[in-house]
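J.: pasting the structure only:
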């Protein structure tokens with residue numbers, strides 16, 4: 001198993017906007033949903049996603065902050081895509097100063113009043129372990 005540094009994996013992840021965020025539901029099932037990185041794709045082991053307070057995503061995280069993220073880049077006939085699985089811990093942030101740091105104008109189509117949208121929350125996912133596959137190469141990074 002390969003042991004690349006996270007910075008090298010992050011280069012391969014640049015440009016991946018959508019991640020699949022997996023949480024644990026109240027009945028023990030696993031729920032998955034696509035989440036946008038909001039252009040915040042210089043991956044350093046921490047990811048940020050905006051959501052509404054009243055969503056199942058947020059209630060799942062409040063109950064159990066252990067989450068997973070899945071990233072995938074396009075693989076073409078002559079190029080190797082990368083697939084990345086992240087296990088981590090989620091934190092819910094409501095501090096408007098922190099929300100402002102991660103806000104991009106693309107989010108305006110989802111949140112009418114920007115960071116002043118009622119019920120907006122920022123989900124911060126701090127990775128504990130990153131596993132990756134690129135062609136025949138695979139590896140794991142513990143953080």
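T.: Received, thanks. Only a predicted model underlies this, so the values are computations on that prediction, with no experimental measurement involved.
J.: all helices of this protein, in order?
T.: Taking DSSP state H to define them, one finds helices in the chain at 6-13, 56-63, 96-102.
J.: among those helices, which is nearest residue 69?
T.: helix 6-13 (10.7 Å; CB to CB). Any C-beta I mention is one placed from the backbone N, CA and C, and that applies to glycine too.
J.: Please point out the stretch among the helices of the chain with the lowest average pLDDT.
T.: Sorting the helices of the chain by mean pLDDT places helix 6-13 lowest, at a mean of 88.
J.: what's next to that helix, contact-wise?
T.: 41-45, 71, 73, 82, 84, 130, 132, 134, 141, 143 (CB atoms under 8 Å, 6 or more residues apart in numbering).
J.: coming back round to it: turn the helices of the chain into TSV, columns for distance to residue 115 and mean neighbour count.
T.: Converted to TSV, those look like this (distance: least, CB to CB, whole Å; neighbours: other CB atoms under 10 Å):
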stretch	distance to residue 115	mean neighbour count
helix 6-13	26	16
helix 56-63	16	17
helix 96-102	4	14
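J.: Between those helices, which one is closest to residue 22.
T.: The nearest among the helices of the chain, by CB to CB, is helix 56-63 at 9.3 Å.
J.: where are the low-confidence patches of this protein?
T.: Scanning the chain with the threshold set as pLDDT under 70 gives 1-2, 38-41, 75-79.
J.: switch the cut-off to 50
T.: Of all residues in the chain, none has pLDDT under 50.
J.: Grab the longest strand from it for me.
T.: Looking across the chain with DSSP state E, the single longest strand is strand 120-134.
J.: residue ranges of the strands in the chain, please?
T.: 18-24, 30-36, 46-52, 66-72, 83-93, 120-134, 137-142.
J.: Out of these, flag the one nearest residue 59.
T.: Among these, strand 18-24 sits nearest to residue 59 (CB to CB), with 8.9 Å.
J.: And the contacts of that closest one?
T.: Contact with strand 18-24 is made by 30-37, 47, 49, 56-57, 60-61, 63-64, 66-71, 90, 123, 125, as judged by CB under 8 Å, 6+ apart.
J.: so that strand versus helix 6-13, what angle?
T.: 120 degrees (axes from the mean of the first three to the mean of the last three CA atoms, to 10 degrees).
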